[in-house]
Each structure stands twice: as structure tokens, then as C-alpha cells.
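Q: only geometry, no sequence info:
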């Protein structure tokens, strides 16, 4: 059951793709890593990815790491909450994260 809050705003769930060394290795085996809204559930993430990129999602793994503390001078605070979603696509589907830059 999709929560009412995100039903109308599926594209807002996906913040950005994560481009790390580990994430780029996953692209070879059809896994893509995204930073998503920390309140989003797996069915909502799946629906958003399938709608945005027109692909078939086979599985999703999510992780909600603890918030990191940050200091600027004498002021201490917390970084924003992030949730990572690793999306596994069906055979033959792919997402073009790096469009060919010509120019």
C-alpha cells in the first residue's frame, strides 16, 4: 500500500544517483544506486524508478545509515538524513546515467 504522501509525487522520491567506485562497479551487473527520501518505502521507490526511467525493477535493497555529525567552528549540527537504494533491473534494461557528452 503506497502512502498518500508520496503517491502524487513519485519523481520527488529519487534525489540523485550515487556515483561512487562501488556503485559504478554495480552498473556492470545491472545494479544502480540512488539517494532517496528517507521516508520512502521499497514499493514507492520501485514505482518511481519504473515510471521515471521506463525500466523493469527486479529487486531493491535499501539502507538507512545513521546521521553524521558536522562541526563548523563552535557550532555543531547533523547532516541531512539520507537513504540509499540499490535497484536491480531486469535483464536487457539499463539506465543511462552518463549521456554522451559531445561538444
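A: In hand now; what should we look at? Predicted, not measured: the structure shown is a model, and the values here were computed from it.
Q: how about residue 77: what's its closest non-neighbour residue?
A: The shortest distance from residue 77 to any non-neighbouring residue, by Cβ to Cβ, 6 or more residues apart in numbering, is to residue 70 (5.6 Å). All C-beta atoms are positioned from the backbone trio N, CA, C, and that covers glycine.
Q: part of a strand, is that neighbour?
A: Yes. Under DSSP: H, G, I helix; E, B strand; the rest coil, residue 70 sits within a strand.
Q: hang on, isn't it packed against residue 80?
A: No. In terms of Cβ atoms under 8 Å, residue 70 does not count as a neighbour of residue 80; the distance is 10.0 Å.
Q: sorry, back to before: ok, now which ones touch the residue nearest to residue 77?
A: If a contact means Cβ atoms under 8 Å, 6 or more residues apart in numbering, then residue 70 has 76-79 as its contacts.
Q: so which of those sit within strands?
A: 76-78 (DSSP state E).
Q: can you list the weak-confidence ranges in the chain?
A: Counting by pLDDT under 70, the ranges of the chain that qualify are 1-8, 98, 100-103.
Q: beta partners for the most centrally placed residue in it?
A: Ranked by distance to the mean C-alpha position of the chain (Cα atoms, centre = their mean), the top residue is residue 34 at 2.1 Å. Under DSSP bridges, the beta-bridge partners of residue 34 are residue 17, residue 85.
Q: now the helices: where do they sit in the protein?
A: 4-7, 21-27, 42-53 (DSSP state H).
Q: could you identify which of the ones you listed is most buried?
A: Most buried of these by mean neighbour count (mean count of other Cβ atoms under 10 Å) is helix 42-53; its value is a mean of 18.
Q: okay, now residue 13: neighbour count?
A: 21 (other Cβ atoms under 10 Å).
Q: make residue 1 into 51 and carry on from there
A: All set: I'll call the first residue 51, so the last point we hit is now residue 63.
Q: and it, what is it in contact with?
A: 56, 86-87, 90, 94-95, 98.
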